[in-house]
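Q: Fold the following and give me the result.
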Amino acid sequence: MKIEIIPCLKDNYSYLIFEQETNTVSIVDPSEFNACDKIISKYERLDFILNTHHHFDHVDGNIRLKEKYNSKVLGFSGDKNRIPGIDILLKENQKKRIGNLEFNVIFVPGHTKGHIAFYFKKEKIVFTGDTLFSLGCGKVFEGTHKDMFNSLNKLKNLPPETKVYCGHEYTKNNLDFCLMHQSNNSALKEKSLQIFSKLKDKFPTIPTSIGEELKTNIFLKCDDKNLKEALNLKDSPDHEIFSKLRDLKDAF
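A: Got it, this is the predicted structure:
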């Protein structure tokens, strides 16, 4: 499984997946046609388009790519009327193959009502769209804070070595927010050095990993007693901690 990171728009990432044994080429969340097609053209084919959710900055390249390469578009069944060109309707916990690669559909609503993640268990890779970011999580637009909290819990329970490929380069802003609320986190300080080094050299800060995020991502640490006390919510349930953090980040 070869993955090429494709910067799109202002801060989006699309991802080309190449499976060599069957010469299968797929793309996750093609934000814009030109940037994606430049990479796809090296392979002269595009078999599948995988969409995590319906927002334009994740599906805007769907139709032109489908028309050029006769690709099949995969997306959540509940978004069949919102994902352009959708052909294959996916359901929660469904397994699907693209070439010899098999992924599991993880339903992760919150950012949108029909958001999904693509989890390649054997390869230890997950594409999380706008649900889980490096050091952050997506804004809650269509679901509830509790929806997003539950979705993040699904992802945080994946094996720690799982590599995370998310939809945006938001890591620096997320880092600043995390440091504000957990300035004594040594793992976060160490990760900040790696982030600054990558950004200085104009490299993506992606992928991260589930293990790294468990140590550093404040939105995955809502059960932390010190964090609860710092927020003056020491007796509150974890989902209320998340809601407070999400509100703080929205105003950050």
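Q: residue ranges of the helices in the stretch 101-250 of the chain, please?
A: 145-156, 171-181, 186-200, 210-216, 225-230, 238-250 (DSSP state H, counting those that start in this stretch).
Q: what angle do the last one and helix 171-181 make?
A: Spelled out, it's helix 238-250. 120 degrees (axes from the mean of the first three to the mean of the last three Cα atoms, to 10 degrees).
Q: Which elements pack onto helix 238-250?
A: Packed against helix 238-250 by the contact rule (3 or more Cβ pairs under 8 Å, 6 or more residues apart in numbering; DSSP states H and E) you find helix 145-156, helix 171-181. C-beta coordinates here come from the backbone N, C-alpha and C atoms, glycine included.
Q: Residue 188 is in contact with residue 182, isn't it?
A: Yes - in this structure residue 188 lies within contact range of residue 182 using Cβ atoms under 8 Å: 6.1 Å.
Q: Most tightly packed of the helices and strands packed on helix 238-250?
A: Among these, ranked by average contacts under mean count of other Cβ atoms under 10 Å, first place goes to helix 145-156 (a mean of 19).
Q: Quick one: residues in contact with the lowest-mean-pLDDT helix or strand in the chain.
A: Lowest mean confidence among the helices and strands of the chain (mean pLDDT, DSSP states H and E): helix 225-230, at a mean of 92. The contact list for helix 225-230 (Cβ atoms under 8 Å, 6 or more residues apart in numbering) reads 181, 182, 218, 221, 234, 235, 236, 241.
Q: Which positions within it qualify as buried?
A: By 16 or more other Cβ atoms under 10 Å, the buried positions in helix 225-230 come out as 227, 228.
Q: Same question for stretch 203-214.
A: Across stretch 203-214, burial judged by 16+ other Cβ under 10 Å covers 205, 206, 207, 208, 209, 210, 212, 213.
Q: So, low pLDDT: which residues of the stretch 101-250 of the chain?
A: When residues are selected by pLDDT under 70, none of them lie in the stretch 101-250 of the chain.
Q: Of the contacts of helix 225-230, which is the most crowded?
A: residue 218 (26 neighbours; other Cβ atoms under 10 Å).
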